[in-house]
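Participant: sequence and predicted structure, then a few things I'm wondering about:
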Amino acid sequence: MKELDRIALFRLSVLGPLVSRPSLERGELQTVLRELTQKEYAIPGSRRRHIAEKTLQGWYYRYLRDGIDGLAPKRRCDRGRSKLESAIQEALLAAKRENPRRSLATLQQWLEHSGQVERGAISRSAIHRLLQQHGISRPSTGASVPEERRRFTAALANDIWYGDVMHGPRVRVQGRSRKAYLVSLFDDASRLICHSAFCLGESALDIEGVLKQAVLKRGVARKLIVDNGAAYRATTLQQICARLGIQLIHCRPYMPESKGKLERWHRTLRAQFLSEIALGSALDLAELNARLWAWTEQIYHRAAHAGLAGLTPLARYQQDLAHIRPLGTRAAQLDSIFHHRLQRDVRKDGTVSYQGRAFEVPYELSGKRVWLVVDPHSGEVVGVEDEAGTALGAATPLDLLANAHRRRRKPGSTPPAAPATQAAASPLDLAVARHYGAIVPGADTDQNPTAGEP
């Protein structure tokens, strides 16, 4: 019995709600097809998660006509053969062998300019198939050497964390449907989820929020490997990692293999968690995260993992507790570490702006450049600092009504002088005080002998 094609089996599993029915009512086919398009799938050989309605309809009719064999991908009947004329084939092969670094565009232009073919008569893909058939589609030296990739694992927990974002389900937000994104941090050695949360975006701020919770729960990583996207290259994230002593490493673009273990966990989450969520009604963000954290701690972290020789991620992580870098004294400064510092020029009225709101800073800073310290998660403005990080004072919301009654400093006036400190008592003053029992300003009366002492 021949082995069934894995793609055909996948397509059959997608069509299950249709092919399992003996008959369909009028209009029922389109209704079921639309329902299937709303689901997410782990499509073999693709990063897409949804399937178009026309594609599903084509699969369905091919299954009705040819059974499961009709769902298998069809191979090109001319696969491995070139349709180019033999003379053109020989000319292309000779030109490529003469200079292996000639590109497809160069070969195409050479054929057209030399008059061997008309302009646009031969596509670059046809040239590529010919060269590939003869094994000379790439130069034999330099960049054509396959990049060496080997499987590895970190020696200890928290040696390497991976960070990534996955598209999640839709959630209810103030009565509206919004798309959620799953931001996760994953430990390489133990396969433990350091922290993961569904967010309404995939910005640097969302990633920083997950990182803060991860270091609170699991300690400080030594390396953090992330994508090359703009959110992961944000200056704020780089500064946070530098303050925590985490080496931030960016993957090369279009290299998903660099985070293969995290991608595998995403597949597990879709199959075991999101598949159950999809059965119920839409949740709000808090409910979705509450279920995620319960599933992660009670099911995923406690399930034996084949890549850990049968250990659970939690047990493997606990083996290295003695080597985990704790926050230590940085715990008290953690909020400050995750604060954002924004450059501002203080206006002449002693105010700066943040998110469309005005804040008053010490008036002496008018016209100067300062750094506004804010908590980006709560929107609270903490204060202002100079470039070196020295605190310059508080930043308070502008109160226009209160300012209407505030006494203002007059032009040319000097700030009120500080109260003068009392001068130290002279030896004569102390002698008089001792003799008459008088209190002399600046004298230490606790040390004075009894008044009138001879």
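Facilitator: Structure's in. What do you need?
Participant: okay, how far is it across stretch 246-260, tip to tip?
Facilitator: End-to-end distance for stretch 246-260: 21 Å, by Cα to Cα, to the nearest Å.
Participant: I should have written stretch 113-133 there, sorry.
Facilitator: 25 Å.
Participant: stretch 265-283 too?
Facilitator: This stretch, stretch 265-283, spans 22 Å end to end (Cα to Cα).
Participant: show residues contacting it.
Facilitator: 39-40, 42, 164, 166, 168-172, 177, 182, 184, 186, 191, 193, 288, 291-292, 295, 299-300 (Cβ atoms under 8 Å, 6 or more residues apart in numbering). (C-beta placed from N, C-alpha, C; glycine too.)
Participant: where does this structure have low pLDDT?
Facilitator: Scanning the chain for pLDDT under 70 picks out the ranges 1-4, 75-82, 138-149, 253-258, 278-281, 405-454.
Participant: which residue is nearest the centroid of it?
Facilitator: Centroid-nearest residue in the chain, with Cα atoms, centre = their mean: I207, separated by 4.4 Å.
Participant: that's a strand at that one, yeah?
Facilitator: No: under DSSP: H, G, I helix; E, B strand; the rest coil, I207 sits outside any strand and is assigned helix.
Participant: contacts only, for it.
Facilitator: Neighbours of I207 in contact, by Cβ under 8 Å, 6+ apart: 163, 165, 183, 226, 231-232, 237.
Participant: equivalent analysis for I249, please.
Facilitator: Contacts of I249 (Cβ under 8 Å, 6+ apart): 223-226.
Participant: would you mind finding the longest strand in this protein?
Facilitator: Assignment by DSSP state E gives strand 160-173 as the longest strand of the chain.
Participant: pairing partners for the helix or strand that that strand is followed by, with directions?
Facilitator: Sequence order places strand 176-187 as the next helix or strand after strand 160-173, per DSSP states H and E. Paired neighbours of strand 176-187 in the sheet (DSSP bridges): strand 160-173 (antiparallel), strand 193-199 (antiparallel).
Participant: so S184 is in contact with G163, correct?
Facilitator: Yes: if you go by Cβ atoms under 8 Å, S184 and G163 touch, sitting 7.1 Å apart.
Participant: quick one: common contacting residues for those two?
Facilitator: Common neighbours of S184 and G163 (Cβ under 8 Å, 6+ apart) are V210.
Participant: what comes up buried for stretch 15-35?
Facilitator: Within stretch 15-35, the residues that count as buried by 16 or more other Cβ atoms under 10 Å are 15, 18, 29, 32-33.
Participant: in helices, which of these appear?
Facilitator: 18, 29, 32-33 (DSSP state H).
Participant: output these as a markdown table; include the columns distance to G383.
Facilitator: Shown next, in a markdown table, are these (distance: Cβ to Cβ, whole Å):
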| residue | distance to G383 |
| --- | --- |
| L18 | 63 |
| L29 | 64 |
| V32 | 59 |
| L33 | 58 |
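Participant: which of the residues you listed lies closest to A394?
Facilitator: L33 (60.9 Å; Cβ to Cβ).
Participant: and the gap between that closest one and E387?
Facilitator: Using Cβ to Cβ, to the nearest Å, we find L33 at a distance of 61 Å from E387.
Participant: equivalent analysis for L262, please.
Facilitator: To E387, L262 is 38 Å away according to Cβ to Cβ.
Participant: what of H340?
Facilitator: Counting by Cβ to Cβ - H340 and E387 are separated by 15 Å.
Participant: of those two, who's got more company?
Facilitator: Neighbour count, other Cβ atoms under 10 Å: between H340 and E387, H340 has more, with 21 against 10.
Participant: domain assignment for this protein?
Facilitator: Per automatic domain parsing, the structural domains of the chain span 6-71, 86-139, 160-321, 341-403, 425-454.
Participant: out of those, which comes closest to T153?
Facilitator: domain 160-321 (6.1 Å).
Participant: and for R151, the neighbour number?
Facilitator: 7.
Participant: give me phi/psi at it?
Facilitator: Phi and psi for R151, reported as degrees, to the nearest 10, are phi -70, psi 150.
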